[in-house]
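> quick one, structure for this:
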Amino acid sequence: MKTLLRVRTLALWAASIQIQVLCISPALASSADVKRMQIEAQDTTIVRDDWGIAHVHGKSDADAVFGMIYAEAEDDFNRVETNYLNTMGRLAEAEGEKAIYQDLRVRLFVSPGALKRRYAASPAWLQVLMTAWADGLNLYLRSHRQVKPRVIGKFEPWMALSFSEGSIGGDIERVPLDALATFYGARPRARFAAAQRDQPQEPKGSNGFAIAPANAKNHHALLLINPHTSFFFRSELQATSDEGLNAYGAATWGQFFIYQGFNERVGWVHTSSGLDAVDFFSETIVKKHGRIFYRYASELRPVSTSTIRIAYRDRRGGYAWKSFTAYRTHHGPIIQERDGKWVSIALMQKPVEALSQSFLLTKAQSYAAFMKVMELRANSSNNTIFADADGDIAYLHPQFIPRRDDRFDYTEPVDGADPATDWHGLHALDEAPHLLNPPNGWIMNTNNWPYSAAGANSPKRENYPRYMDTAGETPRGVHAAMVLQDTQDFTLASLNDAAFDSYLPAFARLIPTLLKAYDGLAATRPLKGKLAEQIEILRSWDYRWSAESVATSLACLWGDALWGEVEKDAKGAKVSVYDYIAERTTGEQKLAALAAVSGRLEHDFGSWRIAWGEINRFQRLTGDIVQTFTDAGASIAIRFTSARWGSLASFGARRYEGTNKYYGSSGNSFVAIVEFGEKVAARAVSTGGESGDPHSAHFDDQTARYADGALREVYFYPSQLIGHIERAYHPH
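Residues are numbered from 1 along each chain as shown. As a prediction, the model looks like this:
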């Protein structure tokens, strides 16, 4: 019946707007591939709403995948292609020698030959989807001749397996590029991703809240989906089919599944986990008779070798090659040398299962169905917060969890010669921290540990191995519990308010230590008078951000300065930076940092009395993947701060060369709030806009809503689209 309703409403769409006719170059009509594309395109309709968001409908799931990736390519083909250059280890073909070791890192784990073999052995249904995925991209390139790929002129189905899980970063990025490059022959001076010392990196992660019907005004489950990623990291869209697919949300550019989102009955949000699922092994190397061995128990095993050839663009615009001899033990590839030993790495390598799990989750209609898909155990890096129309809410830990001997500290390299350090299979799902319908009526995760996910009803830390979590508690976790507890009447609007609550719990702890240091300062000390006004502003502050707040400016810049000063020492002491700032920095350090920040503000802005919104800015001038920022360009004030200080709404901003203002490049990237009643109701906002084209009306049309936390209506049902359609068309 639902399918019939959708078909009838699709007919209404067609009646309300002229649908563009498929147009493929006649010169290509004899190609078997193009004939298949022609059929897929005819069976697929894309409707663009008045925010430019694509609502894709196909007769089959494959048709929906075809249209979904075609729409993504229309919106930002550069991001689609670049993601696959990264995940296939081909970035140097576009960017030259500087990317060789980034490619080598990938190619230690991924090779075209291996992916082709995995594709050939994958389930038939998945092969059909991968073929449709490649067809959608290839049709786009054939019909948009003005678009010039950086490298990939033709996409092949097996390539989809190189990017099978949609989170930001990934396990492979745990391999340190500096050390990898040094081991495999780069000059020691090569540096990668160097951060400015006084401007710490924004925490990566997300927020997920699930509210049970008992705590909701309308007695329906509610879900907050709030990934924190680099900006413009995902496309917002909807994919539906006559085979039961109907998923809405955020899809990482180039992928054919909704990674953060919901369907008619189920919603899910993934948050970066503190689980340790990537391990390093110190290998004792023995060289004899011209061969290389590693010690394992009482035996010497040969280190296996392979040749990896990396293509790169040379300075003349042509191509050159660099070859490497890669080394591997049974634990995994060798990635560095440390303290006289080689270090190997073990991590999940299940691309077929991961891609299957990512897609099948979007079609689950209940908690039981969702958990059945999770049995593939192909997610190693993300927690999941779940809610559904049956009123179930749940917390799920990552499913790929190697079983290990908890005597060892796996946060550091363990002795690879000791068989006891090896992985011993995977944990069952019920052996990991998990929650289903806790009596408090809410669940949250903010990349903190799972042991506060439901307040007093959370999983107990002592019941699990240490490697189940390495994150600990965070200020955002403390803040989330504050806004969720003791509330029994949540609505879409009030959950929106909670997601943008302005309290900064980190400063509620840290600022009093600064005030104490000032109060203990002798009246004769120069800083006593120099900092008097700043201290009084901070003393009267309620620890809440706002665009007009001078205290927010002083606190955030002061915190950044101290963080940059002590982060390395805190890591060496295995103490959280918060604890280190509060308990181990001297009063002199705290006051000197405030004085330095005040001086910098005076130099940059003419006064230290600068409102936060004057400093903290959102700017989008180009569609470039790496944004350029300038104080001379238009920008908009952002009220919320870095997630580091406990802001649930995250905005990771810093100064850039030539700027005095701070510009954001990561944080809140897609925010959605969903209510699972008889019909789904949802609100959402994306950073900037749907399109990566600066000439598009949808390049920055969501910017003001993003800054204000003013989520817009999601047009989930065809009836909601009526009156909000810009155009409807077949891929062409």
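
> CA-only coordinates of stretch 483-494 in CSV, if you can.
Below are the C-alpha coordinates for stretch 483-494, written out as CSV (Å, rounded to 0.1, in the frame of the first residue of the first chain):
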residue,chain,number,x,y,z
VAL,A,483,20.3,18.9,29.6
LEU,A,484,18.7,15.5,29.4
GLN,A,485,18.1,14.5,33.0
ASP,A,486,14.9,15.3,34.8
THR,A,487,13.0,16.3,31.6
GLN,A,488,9.9,14.4,30.7
ASP,A,489,8.3,16.6,28.1
PHE,A,490,10.7,16.8,25.2
THR,A,491,9.5,18.0,21.8
LEU,A,492,11.3,18.7,18.5
ALA,A,493,11.7,22.3,19.6
SER,A,494,13.0,21.6,23.1
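
> for the helix ranked longest in the chain, give the mean pLDDT please.
In the chain, taking DSSP state H as the definition, the longest helix is helix 61-87. The pLDDT scores in helix 61-87 average 98.

> show me what that helix is packed against.
Judged by 3 or more Cβ pairs under 8 Å, 6 or more residues apart in numbering; DSSP states H and E, helix 61-87 is in contact with helix 32-42, strand 44-49, strand 54-58, helix 92-95, helix 100-107, helix 124-143, strand 234-241, strand 246-252. Just so you know, the C-beta spots here come from the backbone N, C-alpha and C atoms, and that holds for glycine as well.

> now the second one, how far from the chain's geometric center?
Right, strand 44-49. Here the centre of strand 44-49 is set off from its chain's centre by 26 Å, with Cα atoms, centre = their mean, to the nearest Å.

> what comes into contact with that strand?
Contacts to strand 44-49, defined as Cβ atoms under 8 Å, 6 or more residues apart in numbering, come from residues 10, 13-14, 19, 54-59, 63-64, 66-67, 70-71, 715, 721, 724-731.

> check the last one too.
Outside of strand 246-252, the residues that reach it under the criterion Cβ under 8 Å, 6+ apart are 68, 72, 83, 163, 166-167, 225, 227, 233-240, 257-264, 362-363, 669-670, 672, 682, 686, 714, 716.

> give me that answer again for 7 Å
72, 166, 225, 227, 233-240, 257-264, 362, 670, 672, 714, 716 (Cβ atoms under 7 Å, 6 or more residues apart in numbering).

> partner strands of that strand, parallel or antiparallel?
Looking at strand 246-252 with DSSP bridges, its partner strands are strand 234-241 (antiparallel), strand 260-262 (antiparallel).

> Three-state assignment for residue 323, please.
Secondary structure assignment for residue 323 (DSSP: H, G, I helix; E, B strand; the rest coil): strand.

> now do the contacts for it.
307, 309.

> bridging residues for it?
Beta-bridge partners recorded for residue 323 (DSSP bridges): residue 309.

> let me know the helix or strand that residue 210 is in.
Using DSSP states H and E, residue 210 maps to strand 205-211.

> give me the angle between the following helix or strand past that strand and strand 246-252.
Next helix or strand after strand 205-211 toward the C-terminus (DSSP H and E): strand 221-230. Inter-element angle recorded for strand 221-230 and strand 246-252: 20 degrees (by axes from the mean of the first three to the mean of the last three Cα atoms, to 10 degrees).

> for the residue lying farthest from the centre of the chain, grab phi and psi.
Distance from the centre of the chain peaks at residue 524, with 50.6 Å (Cα atoms, centre = their mean). Backbone torsions of residue 524, given as degrees, to the nearest 10, read phi -80, psi -10.

> give me the pLDDT for it.
pLDDT for residue 524: 95.

> now do residue 56
Note on residue 56: pLDDT of 98.

> the stretch 301-450 of the chain: strands as residue ranges?
With DSSP state E, counting those that start in this stretch as the criterion, the stretch 301-450 of the chain has strands at 304-313, 319-328, 334-338, 341-346, 382-388, 393-396, 414-415, 434-436, 442-445.

> CSV for these, including distance to residue 183 and mean pLDDT?
Listed next are the strands of the stretch 301-450 of the chain as CSV, based on distance: least, Cβ to Cβ, whole Å; pLDDT from 0 to 100:
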stretch, distance to residue 183, mean pLDDT
strand 304-313, 13, 98
strand 319-328, 9, 97
strand 334-338, 5, 97
strand 341-346, 8, 98
strand 382-388, 29, 97
strand 393-396, 37, 98
strand 414-415, 19, 98
strand 434-436, 39, 98
strand 442-445, 36, 98
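
> so which of those gets nearest residue 700?
Proximity to residue 700, assessed across the strands of the stretch 301-450 of the chain by Cβ to Cβ, is greatest for strand 382-388 (29.4 Å).

> for the strands of the stretch 301-450 of the chain, which one sits closest to residue 171?
strand 341-346 (8.9 Å).

> what about residue 33, neighbour count?
Neighbour count of residue 33, defined by other Cβ atoms under 10 Å: 15.

> what's stretch 408-424 in contact with?
For stretch 408-424, contacts defined as Cβ under 7 Å, 6+ apart pick out 276, 279-284, 294-297, 329, 331, 338, 343-344, 346, 402-405, 467, 470.

> quick check on those residues: which are buried?
Burial by neighbour count, 16 or more other Cβ atoms under 10 Å: within these this picks out 276, 279-283, 294-296, 329, 331, 343-344, 346, 402, 404-405, 467.

> where does residue 554 fall, helix, sheet strand or coil?
When classified by three-state DSSP, residue 554 comes out as helix.

> skipping adjacent residues, who's closest to residue 377 in space?
Closest residue in space to residue 377, ignoring its immediate chain neighbours: residue 399 at 4.1 Å, by Cβ to Cβ, 6 or more residues apart in numbering.

> can you check residue 559 too?
residue 645 (6.2 Å).

> one more: residue 364?
Nearest one to residue 364, counting by Cβ to Cβ, 6+ apart, is residue 370 at 4.1 Å.

> residues contacting the one you found?
266, 361, 364, 386.

> how close does the closest residue to residue 455 other than its chain neighbours sit to residue 485?
Among residues not flanking residue 455 along the chain, residue 440 sits closest, at 5.2 Å (Cβ to Cβ, 6+ apart). Residue 440 sits 7 Å away from residue 485, going by Cβ to Cβ, to the nearest Å.

> next one: residue 498
Taking Cβ to Cβ as the measure, residue 498 falls 11 Å from residue 485.

> who has more neighbours out of those two?
Taking other Cβ under 10 Å, residue 498 and residue 485 do not tie; residue 498 has more neighbours (22 against 15).

> residues contacting that one?
483, 484.

> try residue 469
By Cβ under 7 Å, 6+ apart, the contact list for residue 469 reads 274, 275, 449, 450.

> mind redoing it with 10 Å?
Shown in contact with residue 469 (Cβ atoms under 10 Å, 6 or more residues apart in numbering): 273-276, 383, 397, 433, 448-451, 459, 461.
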